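A.B. asks: coords below, sequence missing:
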Ligand SMILES: Nc1ncnc2c1ncn2[C@@H]1O[C@H](COP(=O)(O)OP(=O)(O)OP(=O)(O)O)[C@@H](O)[C@H]1O
C-alpha cells in the first residue's frame, strides 16, 4: 500500500539555519502517528513541509490524497461564528460532511452562533478538529491539538479522532509534548531532535525491540546497543536496543513509551530508523 506520507532527504532551513536535516521517513496509511521532540526540534517545520506551507531546500515530502491541517496557534478566525466557519468549509471543500460536523458540535455543546474568539481554548481546539475532520481528509495533520485542553477534553479529542480512524481510511499525524496523552491512541512514533530524525516506527515493534536493564555498572553490555545510560550509586539503568546481553546480573524489562522517548531524547546521537536495521547506536 502507498504510504500516507513519505519524506526523502528532507531539508528545510530558515535563512541560514537548518531546522530539519536529511529527514527520510515513511508513514503507512491508516496509522495514528505521534510526532514528539523538544522545543525547536523541527516538528512544526516537518508538518508545514508536509502540508505544503513551506518549500524544502533539499529533498521532498509527498502525501497521498487530501490533507487537512490544524495549526498550533489560532487555527480559527476570531470574528467568525462557528456557523459561518461551517458555511465557509462547505463552500471550500468538495467532500464536506456538514451533518457529521454539526452532530459533533452539538454533542460537544458548542453553540453555532458563538464567535470563535468567544469560545474557550478547549472549545476552539474542538471546533478546529471538527472542521478539519469535516473536509474528509486522507491525512489529518494536527500541530499540538491538545495543548490548551483539560485532561478530560484531551481524552475526548483523542477518542473522537480514534473513532474517525476506525470508521474509515484516515491517517493522523499529531505532535505533542505529553507522551502519556499518546500512549493509548497512537500506533506509530516519530521522534525529532535538533532538526534530525531519531526514531520512526511502529510503537509495539519499537517497544518489543528495546529493554530497560538494571544492574551493577561492571556488568557486560556485549552484544547489545546502548541507547542511553543513567547511574544511581553503583547501579546503572540502561535503555538498550536489540538482543539481551548474556550477563545474568542484568534485570531486564520492556520499556514504556515515555521511557523509550526520553531515552532517545537524552541521547541525540542514537537513532532507531528503518533502513538502519536498528543498528546505529
Ligand atoms: N519562521 C521562522 N524563522 C526562523 N527560524 C524559525 C522559524 N520557524 C522555526 N524556526 C526555527 O526552526 C527550528 C525548528 O522550529 P519548529 O517550530 O519546527 O520546532 P518545534 O519542534 O515545532 O518546536 P515547539 O515544540 O517549540 O513548537 C527552531 O530552531 C526554530 O527557532
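C.D. replies: Okay, I see it. Everything quoted here is computed from the prediction, not taken from an experiment.

A.B. asks: so what's the closest residue to residue 21 other than its chain neighbours up against?
C.D. replies: Excluding its sequence neighbours, the residue lying closest to residue 21 (Cβ to Cβ, 6 or more residues apart in numbering) is residue 195, at 5.0 Å. C-beta here means a position set from N, CA and C on the backbone, and glycine is covered the same way. Contacts for residue 195 (Cβ atoms under 8 Å, 6 or more residues apart in numbering) come out as 18-21, 41-42.

A.B. asks: With residue 237 instead?
C.D. replies: Residue 237 makes contacts with 212-214, 229-231, as judged by Cβ under 8 Å, 6+ apart.

A.B. asks: Swap in 10 Å and give it another go.
C.D. replies: By Cβ atoms under 10 Å, 6 or more residues apart in numbering, residue 237 lies in contact with 212-215, 228-231, 251, 259, 263.

A.B. asks: Also residue 86?
C.D. replies: By Cβ under 10 Å, 6+ apart, the contact list for residue 86 reads 80, 96, 98, 101-102, 105, 112, 127, 130-131, 134.

A.B. asks: ok, now with 8 Å
C.D. replies: Residues in contact with residue 86 (Cβ under 8 Å, 6+ apart) are 98, 101-102, 112, 131, 134.

A.B. asks: Only the buried subset of those, as a PyMOL command please.
C.D. replies: To isolate the buried ones among those in PyMOL, judged by 16 or more other Cβ atoms under 10 Å, type:
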select buried, resi 101+102+131+134
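
A.B. asks: Can you say which two of the contacts of residue 86 are spatially most distant?
C.D. replies: Using Cβ to Cβ, these reach their maximum pairwise distance at 112 and 134, which is 13.2 Å.

A.B. asks: you'd agree residue 129 is in a helix?
C.D. replies: Yes. Counting by DSSP: H, G, I helix; E, B strand; the rest coil, residue 129 is found in a helix.

A.B. asks: Residue 160 is in contact with that one, correct?
C.D. replies: Yes. The pair residue 129 / residue 160 is scored as a contact, 7.3 Å apart, by Cβ atoms under 8 Å.
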